[in-house]
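> can't give you the sequence, but here's the structure:
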């Protein structure tokens, strides 16, 4: 059963959506204010968020940004529900990370169709990541390089998995800390440098001249194989 989080201040619309979505077979929870919405999202772990922009105590755009910054929530589809109908408002909402933008008033059946479309578009992440001779099995948490087993710690595995899952994307140390260690942590961003060095020593043929995990001066790190490990 798919779980939906609804943040909507209009009590009549809240009740209408709750009735119809539960009738459709979804599990729904929510509230009519923005305060505590992020924490509720963390607790409920929804499969999709329906988010009003114009809340009495918050801006739905800010809630959307907070969700997208949380590594545990960032992939959750967000559909904005709003009376703001201008092209600029739509563009801003989508650029902030919303997956869809529904203008009030709307037909409930249309909203349900849009929700189902988001679920159809969701793909199951591959069990095994393979790139540049490195293989990560997410189910067994085992890693290999050119067929040889790698002895990775849990943190090293999570860091390598995060980077490999987004090849070519440059991440700052702060972004990597949030994604791998979480926002509640007692370490500095220099810990990322230490773990990247350890990973290079394990996955690179020549750690001093990496071909997999690259430093981007002034920005951070990226996983981008530039030539086959077999050719090294």
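That came in fine, so what should we check first? Not measured: the values here are computed from a predicted model. Numbering: from 1, shown residues only.

> Can you show me the strands along this protein?
With DSSP state E as the criterion, the chain has strands at 3-7, 27-31, 48-52, 78-82, 100-103, 128-131, 134-137, 142-145, 148-150, 171-172, 213-216, 220-223.

> Could you give me the buried positions within the lowest-mean-pLDDT helix or strand in the chain?
Across the helices and strands of the chain, mean pLDDT, DSSP states H and E gives its lowest value to helix 87-95, namely a mean of 81. For helix 87-95, a neighbour-count test (16 or more other C-beta atoms under 10 Å) marks 89, 90, 92, 93 as buried. The C-beta positions use only the backbone N, C-alpha and C, and glycine is treated the same way.

> for the nearest residue to the first one once chain neighbours are set aside, what are its contacts?
Read that as residue 89. Ranked by C-beta to C-beta, 6 or more residues apart in numbering and with sequence neighbours excluded, the top spatial neighbour of residue 89 is residue 82, at 7.2 Å. Shown in contact with residue 82 (C-beta atoms under 8 Å, 6 or more residues apart in numbering): 52, 53, 54, 60, 89, 93, 101, 102, 103, 104.

> Mean pLDDT and distance to residue 69 for the strands of the chain - can I get that in a markdown table?
What follows is the strands of the chain, written out as a markdown table (pLDDT from 0 to 100; distance: least, C-beta to C-beta, whole Å):
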| stretch | mean pLDDT | distance to residue 69 |
| --- | --- | --- |
| strand 3-7 | 96 | 17 |
| strand 27-31 | 96 | 20 |
| strand 48-52 | 96 | 14 |
| strand 78-82 | 93 | 13 |
| strand 100-103 | 91 | 20 |
| strand 128-131 | 90 | 24 |
| strand 134-137 | 93 | 25 |
| strand 142-145 | 93 | 28 |
| strand 148-150 | 92 | 30 |
| strand 171-172 | 89 | 12 |
| strand 213-216 | 94 | 21 |
| strand 220-223 | 93 | 16 |
